[in-house]
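# Let me see the structure of the following:
(one chain, ligands or ions: 2)
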Amino acid sequence: MKTFYIETFGCQMNVHDSEKVIGTLNQQGYSQVATPEEAGLVLYNTCSIRDKAEQKVFHRLQQFQKEAGKSGKVYGVLGCVAQQEGERIFERAPHVSLVVGSASYPKLPELLVQIESGGRRVTGLSLDTEETFETSFTRRDNPHRAYITIIEGCDKACAYCVVPRTRGPERSRTAASILAEARQLAASGYTEIQLLGQNVNSYRDPSPGGARFAQLLREVGAVEGLRRVRFTTSHPRDFTRDIIEAMDGNPVLCNHVHLPVQSGSDRVLSNMQRLYTRGEYMRRIEWMKHSHRNIAITTDIIVGFCGETGEDFEETIRLVEEVGYDSMFSFKYSQRPNTPALSLTDHVPEEEKARRLSILQEKQRGIQMRRNAAYIGERHEVMAEYFNQATGQWVGRTAQNKTLNFLLGGRPAPTPGQYLDVLVTRSGPNSLAGEACA
Ligand code: 5AD
Ligand code: SF4
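Ligands and ions are numbered 1, 2, ... in the order given. So this is what the prediction gives:
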């Protein structure tokens, strides 16, 4: 029997790629097993966004290096580290025989045939493919919430970022195929859809007519049976006002926008080649604040980018206060191979990066405490996810993507995927808590 094990690192795009890879492997007669020990084919779907993420996969591979010759297993590296390191992976981890970047997944069936016929160094590293990875064999893990890729790759050139090199140029799927997938998912019981892309706002239907993202969002939001439609990730430069108008017009479009700002300083934004100013970013925030929906706003921030002064960092802190984010992912700048920022020299010392990161995180914690406390006394609809044995509470998620833990208050237990109303009675920095009320 042909068996495989897969471990996934990185973003939701990678998680969804793995679902498609798993479906493709099943189709080729492979069955998935839970541990690398049981598997004939061991795959790592990798992330290279920061150095730490990249190190993880080499650490995993090293664990198997000694016994690799004896076990007869085939090892494969997929995803962003595969694309970035290419054939160098065979030097760093000689027991690896398959290296495939995400742009080459449509070729996976042929590459597997090469592996099965004894291929020792099989690669799929082409980035010039016009294709997107569309497959009817996606193996989705969650029966209620599904990802749909709408655009692959990225045409921006943010100075710190590997993604344009690991995922290649932008390729949008046709709106017709996206809508067909959304309808088919709704028909098979999915109620929540998350539209995915490195930059969903630059979506453009390649068919005649060329609908833009807001139009696509409207159409997906109108698919019968769907109750929640989300999207990620947005780029401030391409984020248009009609996206907010679409959200205003249809409650199925969840009131949450993840809009990475990266820095509050114009000087740093310019060095990062982000293509917007602080003022332009804040205009988008104003659009959201003027919406009649209460839109949750979340972001990503990098501290200690080359040349970031104490004053630049203060501007980031001021922006964070001004926006009042609902949640934030924050990172120390990490130098990445083949990125434009490699030519910058004015490095911020590691200890200073760490200091700034902890100041930023402390500030954000206070903001989240304050923001979440304002929900006490409100009723919010959640999708029930699972019962947490340790806390004795159900875990649900609101439309704003906040975690809301709840007690049943004598009501019957929901089934996962069910929607119910919860009265918020308590709050913390990272979640809300309450009691089911309908
Ligand atoms: N160093 C640190 N953080 C980075 N990110 C992207 N590249 C780097 C890097 N080289 C962060 C950005 C991005 C998020 C996904 O990861 O904030 O929005
Ligand atoms: Fe990591 Fe970026 Fe690749 Fe996602 S696209 S896996 S975040 S490097």
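# got a list of what whatever residue of the stretch 151-300 of the chain ends up closest to ligand 1 touches?
Ranked by C-beta to the nearest ligand atom, the top residue of the stretch 151-300 of the chain for proximity to ligand 1 is Asp300, at 3.3 Å. From N, CA and C alone the C-beta is placed, and that goes for glycine too. By C-beta atoms under 8 Å, 6 or more residues apart in numbering, the residues touching Asp300 are His258, Pro260, Val261, Gln262, Met328, Phe329, Ser330, Phe331.
# Narrow the residues you listed to just the buried residues.
Among the contacts of Asp300, those scoring as buried are His258, Pro260, Val261, Gln262, Met328, Ser330, Phe331 (criterion: 16 or more other C-beta atoms under 10 Å).
# For these, could you give me CSV that also reports pLDDT, secondary structure and distance to ligand 1?
Compiled in CSV, the buried ones among the contacts of Asp300 are given as follows (pLDDT from 0 to 100; DSSP: H, G, I helix; E, B strand; the rest coil; distance: C-beta to the nearest ligand atom, whole Å):
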residue, pLDDT, secondary structure, distance to ligand 1
His258, 98, strand, 9
Pro260, 98, coil, 4
Val261, 98, coil, 9
Gln262, 98, strand, 6
Met328, 98, strand, 10
Ser330, 98, strand, 8
Phe331, 98, strand, 4
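# what about the helices in the chain?
Under the criterion DSSP state H, the chain contains helices at 12-27, 51-65, 68-71, 80-85, 88-92, 108-116, 163-167, 175-187, 213-221, 241-249, 266-271, 278-289, 310-323, 350-373.
# any idea how far Phe239 lies from ligand 2?
19 Å (C-beta to the nearest ligand atom, to the nearest Å).
# didn't that residue look like it was pressed against Val261?
No: using C-beta atoms under 8 Å, Phe239 is not in contact with Val261, being 11.3 Å away.
# and Gln335, how far is that from ligand 1?
7 Å.
# residues contacting that residue?
Asp51, Ala341, Leu342.
# which among those end up buried?
Here, 16+ other C-beta under 10 Å leaves Ala341 buried among the contacts of Gln335.
# In TSV, list the contacts of Gln335 along with pLDDT.
As requested, those are exported to TSV (pLDDT from 0 to 100):
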residue	pLDDT
Asp51	94
Ala341	98
Leu342	96
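# Make TSV from the contacts of Gln335 and add distance to Val77 to it.
Formatted as TSV, the contacts of Gln335 follow (distance: C-beta to C-beta, whole Å):
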residue	distance to Val77
Asp51	16
Ala341	25
Leu342	23
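# from the contacts of Gln335, which is closest to Val220?
Ala341 (35.4 Å; C-beta to C-beta).
# Now do the same contact list for the closest one.
Ala159, Tyr160, Asn271, Met272, Phe305, Cys306, Gln335.
# count of neighbours near the second one?
Here the count is done by other C-beta atoms under 10 Å, and Tyr160 has 24 residues near it.
# returning to what we had before: just say which of the helices of the chain is most tucked in.
helix 80-85 (a mean of 26; mean count of other C-beta atoms under 10 Å).
# do that one and ligand 1 meet?
No: Helix 80-85 stays clear of ligand 1 (C-beta under 6 Å from any ligand atom), getting no nearer than 11.0 Å.
# What's the mean pLDDT across that helix?
The average pLDDT for helix 80-85 rounds to 97.
# Now do that helix: which elements does it pack against?
With contacts defined as 3 or more C-beta pairs under 8 Å, 6 or more residues apart in numbering; DSSP states H and E, the packing partners of helix 80-85 are strand 41-46, helix 51-65, helix 88-92, strand 96-100, helix 163-167.
# between those, which gets nearest to Val33?
strand 41-46 (9.7 Å).
# measure Leu185 to His144 for me?
Leu185 sits 10 Å away from His144, going by C-beta to C-beta, to the nearest Å.
# Check Gln335 too.
For Gln335, the distance to His144 - C-beta to C-beta - is 40 Å.
# For the stretch 201-350 of the chain, what lies in contact range of ligand 1?
Pro260, Gln262, Asp300, Ile302, Phe331, Tyr333, Ser334, Arg336.
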